[in-house]
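Colleague: Okay, predicted coordinates and the sequence, questions at the end:
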Amino acid sequence: MTITETANGPGMRRVLGRMGRCVLSYVLLHVAVWIVIALVVPEWSFLDSMRVGLLMLAFTGIPTVFLAIVAGLAHQHMEVARFRALLAFPMVFFALPLIGAAMAEALVLQVMAQVAFAVWLMPAPLVPENWKGQP
């Protein structure tokens with residue numbers, strides 16, 4: 001089997017599909033959380049909440065998805081539950097820019113979204129062909 005056959009095979013399509021699912025699931029979760037924040041925080045208008053949510057997508061979403069993909073590509077030996085739990089911890093730190101917003105509701109809901117993504121929505125293992133551990 002040559003490199004081109006491996007690169008174009010069904011395994012690569014599946015990995016790219018899992019990466020796409022990772023990005024899409026995080027974006028949908030982020031949008032849903034910021035709609036809830038817009039409804040819960042009475043001090044902000046809906047439009048202001050959506051603007052902050054879009055800005056937070058850049059501050060939290062890009063690093064979170066990048067970390068999920070890079071760690072998922074390297075994940076080969078660890079149990080999936082332990083991998084998800086260990087990855088949730090650094091993902092929570094990406095929500096810390098919300099401390100400057102001085103809205104506890106937004107911070108709590110964003111942290112809950114980060115944890116939910118890590119322990120439930122993130123596809124793991126990202127490359128099942130390389131998996132050597134217990135699933």
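Modeller: Happy to help now that I have it.

Colleague: How far away from the center of its chain is the longest helix along the chain?
Modeller: When secondary structure is assigned using DSSP state H, the longest helix within the chain turns out to be helix 10-40. Using CA atoms, centre = their mean, to the nearest Å, the distance from the centre of helix 10-40 to the centre of the chain it belongs to is 7 Å.

Colleague: Kindly export whichever helix or strand comes after it (C-alpha atoms) in CSV.
Modeller: The C-terminal neighbour of helix 10-40 among helices and strands, as given by DSSP states H and E, is helix 46-56. Written as CSV, here are the backbone C-alpha positions of helix 46-56 (Å, rounded to 0.1, in the frame of the first residue of the first chain):
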residue,chain,number,x,y,z
PHE,A,46,-29.8,40.5,22.9
LEU,A,47,-27.6,42.1,20.2
ASP,A,48,-24.9,43.0,22.6
SER,A,49,-24.9,39.4,23.9
MET,A,50,-24.5,38.1,20.4
ARG,A,51,-21.6,40.4,19.7
VAL,A,52,-19.8,39.3,22.9
GLY,A,53,-20.6,35.7,22.0
LEU,A,54,-19.1,36.1,18.5
LEU,A,55,-16.0,37.7,20.1
MET,A,56,-15.8,34.9,22.6
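
Colleague: pLDDT on the next helix or strand after helix 46-56, on average?
Modeller: Past helix 46-56, further along toward the C-terminus, the next helix or strand under DSSP H and E is helix 62-74. Model confidence over helix 62-74, given as mean pLDDT, is 91.

Colleague: what's the neighbour count on residue 109?
Modeller: By the criterion of other CB atoms under 10 Å, residue 109 has 20 neighbours. (C-beta placed from N, C-alpha, C; glycine too.)
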